[in-house]
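*Asks:* Below are the sequence and a predicted model; questions follow.
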Amino acid sequence: MWSTSPAEVVLVGREQRNGKRFWSNGQEGFRWWLSTSPVVFHFPMLVQPEKRCSRVNLYVLWRPKKHSICSSVVPLALAFEEQIAVGKTDSNSDGENKPEDQKSLVENKGKRVDTRALAWSLRAAKTAEDVETVLGDKGDLPLQVYSTMIRGFGKDKRVNSAIALVEWLKLRKQASKSFPGPNLFIYNSLLGALKQAEGFDQVEKIITDMTLEGISPNIVTYNTLMGIHLAQGHEMKALELFKEIQTKGLSPSPASYSTALLAYRRMEDGFGALDFYVDFRNKYQNGEIGKNDKNIDWDLEAVKLEDFVIRISYQIMRRWLVQIENSTSKVLKLLTVMDQVGLKTGRSEHEKLIWACTREDHYIVAKELYKRIRESDSEISLSVCNHVIWLLGKAKKWWAALEIYEDLLDKGPKPNNMSYELIVSHFNFLLTAARRKGIWRWGVGLLNKMEEKGLKPGSKEWNSVLIACSKASEASAAIQIFTRMIENGEKPTIISYGALLSALEKGKLYDEAVRVWKHLIKMGVEPNSYAYTIMASIYAAQGKFNIVESIIREMPVSGVEVTVVTFNAIISACARNNYGGPAYEWFQRMEVENIEANEVSYEMLIQALVKDGKPKVAYDMYLKGRRKGLSLSTKAYDTVVEAAVDGGASIDLSLLGARPPAPAPEIKKRTDVNQEYVDIVND
């Protein structure tokens, strides 16, 4: 086991020749003789001296220590961003093993080059003179040493040091004809350093220097420049450079294609990215790409680029979905285009895109993606299914949400508590709408549907239907629902009893209502104001005012406040059953109890007095209501006037004031089943 620091040496691959260990200045290194030329690699390290290698396969892989100024490596596959790796990275050294580089190696044999120490000495250099001070007596070092330091300066964002080193190399070349000076390899390293350090203002000057030095850019140069444009937000310039590559007689590398695709990603142009990829694929399939390049496995790169464009497309669609404007149609269109060009997508991409669907108008996309996952016969995440159910409910597509739940029951995965709660909440919304509109038939149908799907209605669901029956004055339906509720093991609440009592009162089933009231008391359910009010109204309708009196006295004892609503119910019951005198007495009772009468109180009393043949008293009550600033209805005005005329009462109509405006006529709605459902959905 080799324990190495700060660099790591791993020997694999070939037989070692003349391996020899030596000591120097307390540090240990290795010398290997490759071919006929000895090359010294010196890295400070710790080695177990007991281990000897008589036959060791020889390849040297150097992994630099992190955060070292000389250990930075510029990523030349500039498109690898956001943890997206596509294709092989371009090597700066491809095609650049110049004879002069080999000469430098030979001339420097036996010398030890501590690149890290050199870079550290140059960290503050700003001019070529500063570099000369440090390197002037070092002799001609391999160009790889300089490029390594340049890349390290880029990582540590020391642009001035990198540029100063290149300027010094230029001056060194002028002073010594034997020195090769900066080559394409050096300039590519410098451009990479500028990109990494964001020294974009120096790029144009470096390109000009390359031209003056007679150095033509290669594909690595173009890839680096494309990455620089992307870093500056100049996506169109990056794409223009890609087009320029072929005009210069160069062949784009995998990194060139991936960088161009990344430009489309930055512009959120999914359709442009697909067109670009299709053009690449056609050229590749026709043999126009990679035919003379044996160093790149284009079959593998084509697969990677296909995966890359798919991931880019889905990233763009997610971006569209989080924007303010509705991009649903664009997302669906891009999915269609991906199908047309034959890009195969999978469950993972679909599910990630479903999670980006959060607005009501996104339900179409979520439903389409859910359908695609199901049709592919692949598994699907339960959390994704729950998200789709939630989104469909948000968009008021409750039946579509129920279909998702049915799929969970039939195809899996098995629904969990969240699935159950979501679908029940959708039913609750429908039941609440049915309750509010009094559409009791739909309420009953929804309860049946819940039980059919294995969803047990709770008291909230039963109560919604009971209230709908009460609003529709469907006493028999309310009795049936109440009975089913008990048979299903659900304990009625005070709301359940109140809704049933109300339905029975409207159906004038007073004896049934009294039995329900007694059952309520027997079961220990505490009556609320609503239940007390209904029973007071029922007994008033029967003329049993002594019982009404006992109810009024019992309410405060039970901690229930007596309000104007209870008195209005009593007066209304008197008006419906021709008890004009008692109606007036209960109206006077309100004043004794310091309860302020409202419009309903006066209007119900006026009706009761007119029916009892007392038009003059009704007239006086109308005037009294007006003096109190109440806005009495047209019906109350007309009732007073007609009663006075018909009864021959002597009244001054001018004191009544102007006739109140008649309310707008209500549009009678259809009550067939389909229209009821439309009403619920559009509520």
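*Replies:* Structure's in. What do you need?

*Asks:* I'd guessed residue 319 sits against residue 269; true?
*Replies:* No: judged on CB atoms under 8 Å, residue 319 makes no contact with residue 269 at a distance of 10.9 Å. Using the backbone N, CA and C atoms, a C-beta is placed for each residue, glycine as well.

*Asks:* Show me the residue sitting in the middle of the chain in space.
*Replies:* In the chain, the residue lying closest to the centroid (CA atoms, centre = their mean) is residue 356, at 3.7 Å.

*Asks:* how close does it get to residue 319?
*Replies:* Note on residue 356: its distance to residue 319, by CB to CB, to the nearest Å, is 9 Å.

*Asks:* Now do the SS call for residue 651.
*Replies:* coil (DSSP: H, G, I helix; E, B strand; the rest coil).

*Asks:* immediately after the helix ranked longest in the chain, which helix or strand?
*Replies:* Identified as the longest helix of the chain according to DSSP state H is helix 298-322. Going down the chain from helix 298-322, the next helix or strand is helix 328-340, by DSSP states H and E.

*Asks:* What are the buried residues along that next one?
*Replies:* By 16 or more other CB atoms under 10 Å, the buried positions in helix 328-340 come out as 328, 330-331, 334-335, 337-338.

*Asks:* out of these, which one sits closest to residue 582?
*Replies:* Taking CB to CB as the measure, residue 582 lies nearest residue 328 of those, at 63.6 Å.

*Asks:* ok, now how distant is that closest one from residue 334?
*Replies:* 11 Å.

*Asks:* Over to residue 616?
*Replies:* Separation of residue 616 from residue 334 (CB to CB) stands at 79 Å.

*Asks:* for residue 382, same thing?
*Replies:* Distance of residue 382 to residue 334, given as CB to CB: 27 Å.

*Asks:* same check, this time on residue 245
*Replies:* Residue 245 sits 27 Å away from residue 334, going by CB to CB.

*Asks:* Repeat that for residue 281.
*Replies:* Using CB to CB, residue 281 is found at 17 Å from residue 334.

*Asks:* swap in residue 600?
*Replies:* Applying CB to CB, the value for residue 600 to residue 334 is 60 Å.

*Asks:* Which of the helices or strands spans residue 160?
*Replies:* Using DSSP H and E, residue 160 sits in helix 159-175.

*Asks:* quick one: the helix or strand that that helix is followed by to helix 159-175, angle?
*Replies:* Next helix or strand after helix 159-175 toward the C-terminus (DSSP H and E): helix 184-197. For helix 184-197 against helix 159-175, the angle between stretch directions is 170 degrees (axes from the mean of the first three to the mean of the last three CA atoms, to 10 degrees).

*Asks:* buried sites along the following helix or strand past helix 184-197?
*Replies:* Toward the C-terminal end, the helix or strand that comes next after helix 184-197 (DSSP H and E) is helix 203-212. Of all the residues in helix 203-212, those buried under the rule 16+ other CB under 10 Å are 203, 206, 209-210.

*Asks:* which one among these gets closest to residue 504?
*Replies:* Nearest to residue 504 out of the buried residues of helix 203-212 is residue 203 (CB to CB; 87.0 Å).

*Asks:* right, and that closest one touches residue 225 too?
*Replies:* Yes: using CB under 8 Å, residue 203 is in contact with residue 225, at 7.4 Å.

*Asks:* overlap in contacts of those two?
*Replies:* Common contact partners of residue 203 and residue 225 (CB atoms under 8 Å, 6 or more residues apart in numbering): residue 191.

*Asks:* Residue 131: neighbouring residues, count only.
*Replies:* When neighbours are counted by other CB atoms under 10 Å, residue 131 registers 23.

*Asks:* My error: substitute residue 623 in the last question.
*Replies:* Residue 623: 15 surrounding residues under other CB under 10 Å.

*Asks:* Tell me where the chain has strands.
*Replies:* Using DSSP state E, the strands found in the chain span residues 20-24, 27-34, 37-41.

*Asks:* Excluding residues flanking it in the chain, which one is nearest residue 405?
*Replies:* The shortest distance from residue 405 to any residue other than its chain neighbours is 4.7 Å, reached at residue 423 (CB to CB, 6 or more residues apart in numbering).

*Asks:* wait, residue 538 sits on residue 509?
*Replies:* No: using CB under 8 Å, residue 538 is not in contact with residue 509, being 9.5 Å away.

*Asks:* Of those two, which one has the most company?
*Replies:* More crowded of residue 538 and residue 509, by other CB under 10 Å: residue 538, with 26 against 19.

*Asks:* and that one, what does it touch?
*Replies:* Counting by CB under 8 Å, 6+ apart, residue 538 touches 501, 505, 510, 513-514, 573.

*Asks:* and the angle for the longest helix of the chain with helix 328-340?
*Replies:* 160 degrees.

*Asks:* Return the set of buried residues in helix 298-322.
*Replies:* For helix 298-322, burial by neighbour count (16+ other CB under 10 Å) applies to 298, 301-302, 304-306, 308-317, 320-321.

*Asks:* Check stretch 363-383 too.
*Replies:* Buried positions in stretch 363-383, judged by neighbour count with 16+ other CB under 10 Å: 363, 365-370, 372-373, 380, 382.

*Asks:* ok, now stretch 288-297?
*Replies:* Buried, per 16+ other CB under 10 Å, within stretch 288-297: 289-290, 296.

*Asks:* Return the item of those residues having minimum pLDDT.
*Replies:* Lowest pLDDT of the buried residues of stretch 288-297: residue 290, 81.

*Asks:* residue ranges with poor pLDDT in the stretch 501-650 of the chain?
*Replies:* 647-649 (pLDDT under 70).

*Asks:* mind listing the helices for it?
*Replies:* Here the stretch 501-650 of the chain has its helices, by DSSP state H, counting those that start in this stretch, at 510-522, 529-541, 545-557, 564-576, 580-592, 599-611, 615-627, 634-647.
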